[in-house]
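[1] Sharing a model that was predicted from the sequence below.
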Amino acid sequence: MLDIQINRTTAPKPRPDQASLGFGRHFTDHMFVMDYDEGRGWHDARIEPYHALTLDPAAIVLHYAQESFEGMKAYRTADGRVTLFRPEMNARRFAGTNRRMCIPEIPEEDFVQAVKALVDIDRDWVPTAPDTSLYLRPFAIATEAQLGVKPSASYQFLVIASPSGAYYESGLDPVKIYVEDEYIRAAPGLTGFAKCGGNYAASLAGQVKAHDLGYSQVLWLDGVERKYVEEVGSMNCFFVIDGVVRTAACTGTVLPGVTRDSCMRLLRDWGCTVDDQTRLSIDELMDAARTGRLEEVFGTGTAAVISPVGQLYYEGETVPVRDGKTGALTQRLYDTLTGIQYGRLADPYGWVTEV
């Protein structure tokens, strides 16, 4: 167990208007920080006032992107409690990312303790308006000043928090998706399964291109054959074809999403057939859309929860999905997940952790 030292702010910030929070624009009064030094391990866990970081210009993170991060939320329930959703899964995924990025792992219980401690001290920042939450960003950075290409000898692990509204301003309205066939997001043996900044930086060119063409997000194809569908934007993606719910397997190029896992558990408990092993080609997907066999498409992720897709564009062809309307299964997943997260529905899975 961490011995977390607490230094409370003497200059609390004004609370932002909950009606116009946006996503990731405002930050709470405090942050969690813990240091790592080779030969000493992780040490000096503390919560201190939110502040800018001081880094040497030669810090390895700035030159070789040795870093990792997570995304999770704290929720305000109707009866005023503050809860987290499956934080142990974020802790395990963070450890997996750190292994891939050669960053020292943080024990699962320490990760969860750090997150809970920050949420507890800033619990007044957890918003109460509908569809709002306190978005949490745990991350680790390599801090050694060294221009040689090697793993750092020192790191910082931090957690910051941001009261946020809906990820998409349009809410649960279906979005239009551009199928990217020029750039790739991931390839076998690389870092597609990890949450590290390099993955997201490399995806920006495709995202900008899609936005310039009037589309909300990018549907990524595999990095070898440019043939099989994988993720949509920074989310996992599901396709309902002929009554079967299909999603890409987590075999190294797809992020093992917490929301993805939760959706598959719900779907199977509802009697749905879920196929997370058979690869789905873009040609098969487009044919299913043309022939009316593509029943629903939706992305899943912590930030957006569920994002329905109403249109696909690939190689000059546009196909609608459910005439641009949200499907019944997509809506049911959203209502059930958010119902559990906000305490409106019972939690039969033990997913919710109270702070």
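    Yes, it's here. Since this is a predicted model, take the numbers as computed values, not measurements.
[2] Help me confirm that residue 79 comes into contact with residue 344.
    No. Using CB atoms under 8 Å, residue 79 is not in contact with residue 344, being 10.4 Å away. Any C-beta I mention is one placed from the backbone N, CA and C, and that applies to glycine too.
[3] who's more crowded, these two?
    Neighbours were counted for residue 79 and for residue 344 using other CB atoms under 10 Å; residue 344 has more, 12 against 6.
[4] Name the nearest residue to the more buried one, ignoring sequence neighbours.
    Leaving out its chain neighbours, the residue that sits closest to residue 344 by CB to CB, 6 or more residues apart in numbering is residue 78, at 6.5 Å.
[5] Contacts only, for the one you found.
    Residues near residue 78 by CB atoms under 8 Å, 6 or more residues apart in numbering: 342-344.
[6] Likewise for residue 231?
    By CB under 8 Å, 6+ apart, residue 231 lies in contact with 185, 219-220, 237, 248, 254-255.
[7] can you pull the contacts of residue 132?
    Counting by CB under 8 Å, 6+ apart, residue 132 touches 18, 21, 76, 163-166.
[8] what do you get if the cut-off is 10 Å, keeping everything else the same?
    18-19, 21, 73, 75-76, 126, 163-166, 342 (CB atoms under 10 Å, 6 or more residues apart in numbering).
[9] ok, now residue 179?
    Residue 179 is in contact with 210, 215, 218-221, 229, 232, 282, 285-286, 312-315, 317, counting by CB under 10 Å, 6+ apart.
[10] ditto for residue 144
    37-38, 56, 58-61, 66, 150-155 are the contacts of residue 144 under CB under 10 Å, 6+ apart.
[11] coming back round to it: and the residue nearest to residue 344, its phi and psi?
    When read as degrees, to the nearest 10, the backbone of residue 78 gives phi -60, psi -30.
[12] For residue 302, see how far away it is.
    21 Å (CB to CB, to the nearest Å).
[13] hang on, the earlier thing: want to throw the contacts of residue 144 into CSV with distance to residue 355, pLDDT and secondary structure?
    Output for the contacts of residue 144, formatted as CSV (distance: CB to CB, whole Å; pLDDT from 0 to 100; DSSP: H, G, I helix; E, B strand; the rest coil):
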residue, distance to residue 355, pLDDT, secondary structure
37, 30, 98, strand
38, 33, 97, coil
56, 35, 98, coil
58, 38, 98, coil
59, 32, 98, strand
60, 33, 98, helix
61, 29, 98, helix
66, 31, 98, coil
150, 38, 97, coil
151, 34, 98, coil
152, 32, 98, coil
153, 34, 98, coil
154, 30, 98, strand
155, 26, 98, strand
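[14] of all the residues you listed, which comes closest to residue 194?
    residue 66 (11.7 Å; CB to CB).
[15] looking at it, the closest one is touching residue 198, isn't it?
    Yes. At 9.4 Å, residue 66 counts as touching residue 198 under the criterion of CB atoms under 10 Å.
[16] Contacts only, for the residue lying farthest from the centre of the chain.
    Distance from the centre of the chain peaks at residue 291, with 32.8 Å (CA atoms, centre = their mean). The neighbourhood of residue 291, defined by CB under 10 Å, 6+ apart, consists of residue 242.
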